[in-house]
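what follows is a predicted protein model with its sequence.
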Amino acid sequence: MKIRLDSARFEPFRWQETVRLDPAELGLDEGVALTPVEVRGMLSFASPDFLLSARLSYRQSVPCDRCLAPVEEEMETALDLIVVERPRAAGAAAQERDEEEPATVTVTGGVVDLVPFVAEQVQLGLPTHPLCREECAGLCPSCGANWNVGPCACQREPDPRWAALAAWREKSDGRGSDR
């Protein structure tokens, strides 16, 4: 999705487009699925620079951290950039982000490519520890059974490191403190 800056020189330029992102190309896990990203935006001239505002809408599905069930979510996010146009110089990059001011992008050649910025916003919108529900019980580490469905047949012995806590719990269970 490339936008010519000249299209907004005299009046704001509005557009709507769909961007297809491949999760594998973004370096995302195989369990992540994305619908095409609907992008609606406006580019306007604010001498000497341009202001770009866009809304991104899409649906994402990521695996639950505990049981691997898909966690689906409708996403709405904003993309706001200041686009600085520079004359084309020999050996200059066509587009680069300002490291000191991340909301600023410098463009040479009069065209801004929004796909890298859309991809970045989608990556930033991914949850770090998604859960299908707050009380998700997860999977059995021995047989892989989903504990949300029911208990498994594995014989689990308590971890001996918890013995002192289990003894304290048994001693004080339901009686309050021993004073």
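Arrived safely, thanks for sending. Residues are numbered from 1 along each chain as shown.

check contacts around residue 2.
Contact analysis of residue 2 by CB atoms under 8 Å, 6 or more residues apart in numbering lists 111-114. Backbone N, C-alpha and C define where each C-beta goes, glycine included.

can you lay out those residues as JSON lines showing neighbour count, secondary structure and pLDDT?
Output for those, formatted as JSON lines (neighbours: other CB atoms under 10 Å; DSSP: H, G, I helix; E, B strand; the rest coil; pLDDT from 0 to 100):
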{"residue": "111", "neighbour count": "15", "secondary structure": "strand", "pLDDT": "88"}
{"residue": "112", "neighbour count": "23", "secondary structure": "strand", "pLDDT": "90"}
{"residue": "113", "neighbour count": "14", "secondary structure": "strand", "pLDDT": "91"}
{"residue": "114", "neighbour count": "24", "secondary structure": "coil", "pLDDT": "91"}
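
could you dump these to TSV with distance to residue 125?
Below are the contacts of residue 2 laid out as TSV (distance: CB to CB, whole Å):
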residue	distance to residue 125
111	26
112	21
113	20
114	16
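
domain parsing for the protein?
Split into domains by automatic domain parsing, the chain comes to 2-124, 137-179.

once you drop chain neighbours, what's closest to residue 8?
Once flanking residues are discounted, residue 8 sits nearest to residue 43: 4.2 Å by CB to CB, 6 or more residues apart in numbering.

what helix or strand is the one you found located in?
Here residue 43 sits within strand 37-46, counting by DSSP states H and E.

sheet-wise, list the partners of that strand with their directions.
Within its sheet, strand 37-46 is paired with strand 13-19 (antiparallel), strand 49-63 (antiparallel), according to DSSP bridges.

deepest of those strands, which one?
strand 49-63 (a mean of 18; mean count of other CB atoms under 10 Å).

need the next SSE after that one, C-terminal direction.
That would be, after strand 49-63 and using DSSP H and E, strand 70-86.

can you list the weak-confidence ranges in the protein?
88-93, 98-99, 174-179 (pLDDT under 70).

if you set the cut-off to 90 instead, what comes out?
Filtered on pLDDT under 90, the chain yields the residue ranges 1-9, 24-31, 46-48, 84-111, 141-142, 151-160, 162-167, 169-179.

what pairs with the residue nearest to residue 8 across the strands?
residue 13, residue 52.

wait, it touches residue 83, no?
Yes - contact criterion CB atoms under 8 Å: residue 43 and residue 83 qualify, at 7.5 Å.

quick one, which of those two is more surrounded?
Neighbour count, other CB atoms under 10 Å: between residue 43 and residue 83, residue 43 has more, with 23 against 20.

that'll do, ta.
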